[in-house]
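Trainee: pasting the sequence and the predicted model now:
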Amino acid sequence: MRIALFPGSFDPFHNGHLEIVERASRLFDQVVVAALRNPQKGAPLFSLAERKEMIEESLAHVGAVRVVSVDTLVVTLAQEVGASVIVKGLRAVSDFENELQMAQMNQHLSGIETLFIPTHSTHSFIASKLLREVARLGGDVSGLVPIPVAKRLSDRQFEERPRPAR
């Protein structure tokens with residue numbers, strides 16, 4: 001069985017992520033989606049448990065997908081789940097430089113290869129960081145995220161939003 005691992009912080013999971021999982025599910029027998037803690041990205045909007053639940057709900061229509069949430073090295077998780085490849089989505093050329101470095105490190109550490117899947121241009125501008133910022137400031141991101149994520153974002157109580165100066 002060919003298993004792919006799709007790791008990310010997914011805070012929050014958005015339509016670009018969804019597209020990559022759907023496409024990877026057509027290439028592999030199973031896709032393991034792993035919500036990871038990334039200390040480089042600061043305080044998360046959603047806990048790992050919340051992210052795992054949202055991703056499971058968002059991917060209910062996709063067969064042969066398993067969702068996990070962990071706090072470990074990606075290559076360690078890949079070995080644990082029996083993945084033969086790590087899948088990473090690319091939005092733009094600027095993503096490639098960082099992702100290539102991670103792919104090379106992962107290959108050096110474990111021998112596991114990375115497959116890059118470019119996202120469709122309709123999703124190329126979507127970034128979790130931007131979604132968090134827009135949502136915190138009261139903007140509508142519902143068209144950019146799966147329905148379960150949009151619901152959680154609308155339910156989330158953010159601190160008092162700054163009012164524009166007049």
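Mentor: Cool, got the structure. Numbers count the residues shown, from 1 in each chain.
Trainee: name the helices or strands packed onto the helix or strand encompassing Lys151?
Mentor: Using DSSP states H and E, Lys151 sits within helix 147-155. Under the contact criterion of 3 or more CB pairs under 8 Å, 6 or more residues apart in numbering; DSSP states H and E, helix 147-155 touches helix 48-58. All C-beta atoms are positioned from the backbone trio N, CA, C, and that covers glycine.
Trainee: mind listing what's buried in the next helix or strand after the helix it packs on?
Mentor: Proceeding N to C from helix 48-58, the next assigned helix or strand is strand 65-70, under DSSP H and E. By 16 or more other CB atoms under 10 Å, the buried positions in strand 65-70 come out as Val65, Val67, Val68, Ser69, Val70.
Trainee: what is the orientation angle of strand 65-70 with helix 48-58?
Mentor: With axes from the mean of the first three to the mean of the last three CA atoms, to 10 degrees defining the directions, strand 65-70 sits at 170 degrees from helix 48-58.
Trainee: what angle separates the helix or strand just after strand 65-70 from strand 65-70?
Mentor: For strand 65-70, the following helix or strand on the C-terminal side (DSSP H and E) is helix 74-81. For helix 74-81 against strand 65-70, the angle by the same axes, to 10 degrees is 130 degrees.
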